[in-house]
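Student: My questions are about this predicted structure, shown below with the sequence.
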Amino acid sequence: MLVTVTYMILCSLGVTCLSVGTSIWYFQKYQRQQKKRRCVMIMSRYPSPGSTKTRLIPTLGEKGAAVVQLYMTEKILDNISGEAIQNPDVRIELMYSGVSESKMDYWLGKRRQSTQLSWRPQAPGGLGDKLIAAFSTMFREGVHQAVAVGSDIPELDSEIIEEAFSLLLSDDIFKNIDWGSEHVFEQQIEKARHLGVNIGILRRTLSDVDSYDDLPVFEKAIGLSTTQLLHPSLSIIIPVYNEVDNIKETLETIVQHAKFKERLEIIVSDGGSTDGTKSAVGLFAHHNSVPIRVVDCQPGRGPQLMSGASAAKGDNLLFLHADSVVPEDFDETLNECLQVPGNVGGAFAFDVDILYPELWTKSVPLLFSWKMKMIRKLTQLRSCKLELPYGDQGLFMTRWTYDKVGGFDKVYLMEDYIMVEKLKQCGHVVIAPGSPVITSARRWVENGAFKTSLLNLLIATAYHLGVAPNTLARWYYGEKLKKILDEEK
């Protein structure tokens, strides 16, 4: 394991720099008259399988090594982005290699809206050449203080960055160094002495992650084991209220269509069913090896999803309606989606059972069938173009992301819409490739095809105009919700 030690070199020429083993370098252009503009530069490779963290590939495989790189970079961005948000004079610049700008835009474009983050390709040459070019570029653009960090030190945080901003050096420290070796620290200390500068040690010691022996550092900082990254478990949370007619089929298709049943658990979040739903779930669970639990909780989609997620143990979370049928290998599909840089959540394509004769045995009027096909097409456009799927498409995300955005809000309507809004502040919400989730058309049959969809549109519009979600829920559910709210009081 390479231990990354932070040290400072002070130069009498008014130009300063800090180097941290193989991972952190600090450079300052001295200015007295004005407030300093600061920049944190992250030296990174795009997490492409096969070309990043290559020393981890024998242990984790190409995809696993790329996922480790992805999580470490995301963790560093999360840790230091607060520095930029709280201080408008701080910007974050990711210096990347190994990919086109369009992929970087997809990966980090959403973050630009909430942090002072930008990115550009690294200069050609060795690491020393890249660092000199990076610092020179920042100073030409008016930056007064710059810190460069590697993307493989997940323990790095804004406190360390702030301490680094107080230290000094000369760019000769970057020349003729065996970058990537265990001798970087000693070589730079010797070079500093040769330049006649003083050296100071920062309080904290960090470790970078390059090889198998370094993985405990990654696991501690991220809060996930490499096993969880390579073979993530999945919790499926299903909110129910009097769903005895639908829940068995939903559970059956989950078990039948899951590729990795040994990594699966199902949480049925019951809001007070009185029709035998819980008994049906218990009977099904008794005859299946997949763990299935019932969680009793307050009625209402938001509270039920929150309770189910709290009880879940999975690394990935799928929130599924009780009248929905998942596609084949849905668990593998959603996991692959979540491993793409920039994807923070997703859902499946939308379809309804009434368009499948083998699922809907009653006769369907031709006009109604045409309306449902039109709704399906419009839903797909909304989901893909606007990245705005609804809960009946099966929302999924990692537990890491779920906790990061604060989970579902305790509301009785718009809980899925609000969750997608929160996810989109961090990255992309994608539609999984392949087969759709097939949901029941019963709402459209009972209330009319266009009327139901128009009501959904009006509710979404009212929400954007500032109407509170629970006020909308009172309009939507009427007396049924009023009774629940009265009981809460």
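Tutor: In hand now; what should we look at? Numbers count the residues shown, from 1 in each chain.

Student: Could you list the low-pLDDT ranges of the protein?
Tutor: 1-36, 82-86, 113-115, 166-176, 179-182, 184-185, 188, 191-203, 479-489 (pLDDT under 70).

Student: At the geometric centre of it, which residue do we find?
Tutor: Nearest to the geometric centre of the chain sits V344, at 3.4 Å (C-alpha atoms, centre = their mean).

Student: now that one, nearest residue through space, not along the chain?
Tutor: Among residues not flanking V344 along the chain, G427 sits closest, at 3.5 Å (C-beta to C-beta, 6 or more residues apart in numbering). (Each C-beta comes from the backbone N, C-alpha and C, glycine too.)

Student: residues in contact with the residue nearest to the centre of the chain?
Tutor: Contact analysis of V344 by C-beta atoms under 8 Å, 6 or more residues apart in numbering lists 110, 338, 397, 401, 423, 426-429.

Student: The residues you listed: which two are farthest apart?
Tutor: K110 and L338 (15.0 Å; C-beta to C-beta).

Student: Past whatever helix or strand I236 lives in, which element shows up next along the chain?
Tutor: Per DSSP states H and E: I236 is located in strand 234-240. For strand 234-240, the succeeding helix or strand toward the C-terminus, using DSSP H and E, is helix 247-257.

Student: buried sites along that following helix?
Tutor: 247, 249-251, 253-254, 257 (16 or more other C-beta atoms under 10 Å).

Student: Give me the subset of the contacts of V344 lying in strands.
Tutor: Using DSSP state E, the subset of the contacts of V344 located in strands is 397, 428-429.

Student: Let's have those in TSV, adding distance to G64.
Tutor: Listed next are those as TSV, based on distance: C-beta to C-beta, whole Å:
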residue	distance to G64
M397	20
H428	22
V429	24
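
Student: hang on, G128 packs against A148?
Tutor: No: G128 is beyond contact range of A148, at 11.5 Å (criterion: C-beta atoms under 8 Å).

Student: Can you name the residues bridging to V430?
Tutor: Counting by DSSP bridges, V430 forms beta bridges with G346.

Student: how much space between it and K404?
Tutor: According to C-beta to C-beta, to the nearest Å, V430 stands 17 Å off from K404.

Student: okay, these two: which has more neighbours?
Tutor: Between V430 and K404, V430 has the larger neighbour count (other C-beta atoms under 10 Å), namely 21 against 16.

Student: Identify the residues contacting that one.
Tutor: With C-beta under 8 Å, 6+ apart, V430 has these contacts: 337, 340, 343, 345-346, 387.

Student: Then N288?
Tutor: Here N288 is in contact with 251, 255 (criterion: C-beta under 8 Å, 6+ apart).

Student: measure it to G276 for me?
Tutor: 18 Å.

Student: Could you pick out the longest helix of this structure?
Tutor: Longest helix in the chain, counting residues (DSSP state H): helix 57-86.

Student: tell me which strands and helices that helix is in contact with?
Tutor: Helix 57-86 sits against strand 38-45, strand 90-97, strand 117-121, helix 158-164, helix 215-222, helix 226-230, with contacts defined as 3 or more C-beta pairs under 8 Å, 6 or more residues apart in numbering; DSSP states H and E.

Student: Just name the most buried of the ones you listed.
Tutor: Most buried of these, by mean neighbour count (mean count of other C-beta atoms under 10 Å): strand 38-45, with a mean of 24.

Student: between that strand and strand 90-97, how many degrees?
Tutor: Angle of strand 38-45 versus strand 90-97, following axes from the mean of the first three to the mean of the last three C-alpha atoms, to 10 degrees, is 20 degrees.

Student: Tell me what angle strand 38-45 forms with helix 57-86.
Tutor: 160 degrees.

Student: hmm, back to that, give the buried residues for the longest helix of the chain.
Tutor: Neighbour-count burial for helix 57-86 [16+ other C-beta under 10 Å]: 57, 59-60, 62-81, 83-84.

Student: Quick one: work out the angle between that helix and helix 215-222.
Tutor: Using the same axes, to 10 degrees: helix 57-86 against helix 215-222 is 30 degrees.

Student: Please state the offset of helix 57-86 from the chain centre?
Tutor: 11 Å (C-alpha atoms, centre = their mean, to the nearest Å).

Student: ok and it relative to strand 117-121, angle-wise?
Tutor: Using the same axes, to 10 degrees: helix 57-86 against strand 117-121 is 130 degrees.

Student: I'd like the numbering to begin with 54 instead of 1 from here.
Tutor: All right, first residue 54 from here; so that's helix 110-139.

Student: Break the chain down into its structural domains.
Tutor: 56-275, 284-541 (automatic domain parsing).

Student: possible to save the buried residues of helix 300-310 as a markdown table with distance to P418?
Tutor: Below are these laid out as a markdown table (distance: C-beta to C-beta, whole Å):
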| residue | distance to P418 |
| --- | --- |
| I300 | 28 |
| E302 | 24 |
| T303 | 27 |
| L304 | 31 |
| T306 | 27 |
| I307 | 32 |
| H310 | 31 |
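
Student: Out of those, the closest to Y470 would be?
Tutor: T303 (22.4 Å).

Student: that older thread, now, which of the contacts of V483 sits nearest I320?
Tutor: Within these, the smallest distance to I320 is 18.3 Å, found for G398 (C-beta to C-beta).

Student: Next up, the contacts around the closest one.
Tutor: Counted by C-beta under 8 Å, 6+ apart, G398 has contacts 391, 448-450, 454, 473, 476, 480, 482-483.

Student: Would you format those as CSV with distance to V334 included?
Tutor: Shown next, in CSV, are the contacts of G398 (distance: C-beta to C-beta, whole Å):
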residue, distance to V334
L391, 27
L448, 21
F449, 21
M450, 24
T454, 28
V473, 28
L476, 29
G480, 34
V482, 29
V483, 31
